[in-house]
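> Curious how this folds, go ahead:
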Amino acid sequence: MSSSASRVSDLSAHLGFWLRTVSNHVSHAFAAKLDAKGVTVAEWVVMRALYDKAPTSPSHLADEIGMTRGAITKLADRLIAKSLVVRNANPDDGRAQTLALTTQGKKLVPELAALADQNDREFFGCLSEAERHSLERILKRMVEHGRITAVPID
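Coordinates of the predicted model:
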């Protein structure tokens, strides 16, 4: 065995391994909770971004969330089919369109937000308040350092 082979680190020796392990479980549990309500994580992100907003152009929404315009169009189409979002012509520019939550969509967002809160409690409730703040501070610093702007959707 060569000396370089003896220095191969274990998977669990990397912070990324532990971060991904936790992230996968948190994300999968949340996705399952949303699925029970008939919504995907990506659809939830769009719905939450539209909540408490005036009708918004798809391009503005795409920029805000960090998605492509094509992705927003596909998600909007799915949400429109579920009667959770409506697409209308912009009253100021008939060629442009806006997206807004329907009444049904507005009622669903707080339920989905409660599921997000529940999911956080289930996974991070074992941490003290100080530990939670430290973890949040560290993760936000890493996001800033990496110039990460896209909202996670999967």
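> mind listing the strands for this protein?
85-90, 93-101 (DSSP state E).
> Point out where the chain drops to low pLDDT.
Scanning the chain for pLDDT under 70 picks out 1-5, 94.
> Tell me which stretches of it form helices.
15-35, 41-50, 58-65, 69-81, 103-124, 129-145 (DSSP state H).
> For the closest residue to residue 119 other than its chain neighbours, list the residues it contacts.
Distances taken as Cβ to Cβ, 6 or more residues apart in numbering place residue 30 nearest to residue 119, at 4.5 Å, with adjacent residues excluded. Quick note: C-beta positions are derived from backbone N, CA and C, even for glycine. Contact analysis of residue 30 by Cβ atoms under 8 Å, 6 or more residues apart in numbering lists 41, 115-116, 119.
> picking up where we left off before, which of the helices of the chain sits closest to residue 90?
helix 58-65 (10.6 Å; Cβ to Cβ).
> Residue 64 against residue 46, yeah?
No. Counting by Cβ atoms under 8 Å, residue 64 does not reach residue 46; the two are 10.1 Å apart.
> Of these two, which one has the most company?
residue 46 (29 against 15; other Cβ atoms under 10 Å).
> Residue 72 is in contact with that one, correct?
Yes. In this structure residue 46 lies within contact range of residue 72 using Cβ under 8 Å: 7.0 Å.
> Now do the shared contacts for the two.
In contact with both residue 46 and residue 72: 61, 65, using Cβ under 8 Å, 6+ apart.
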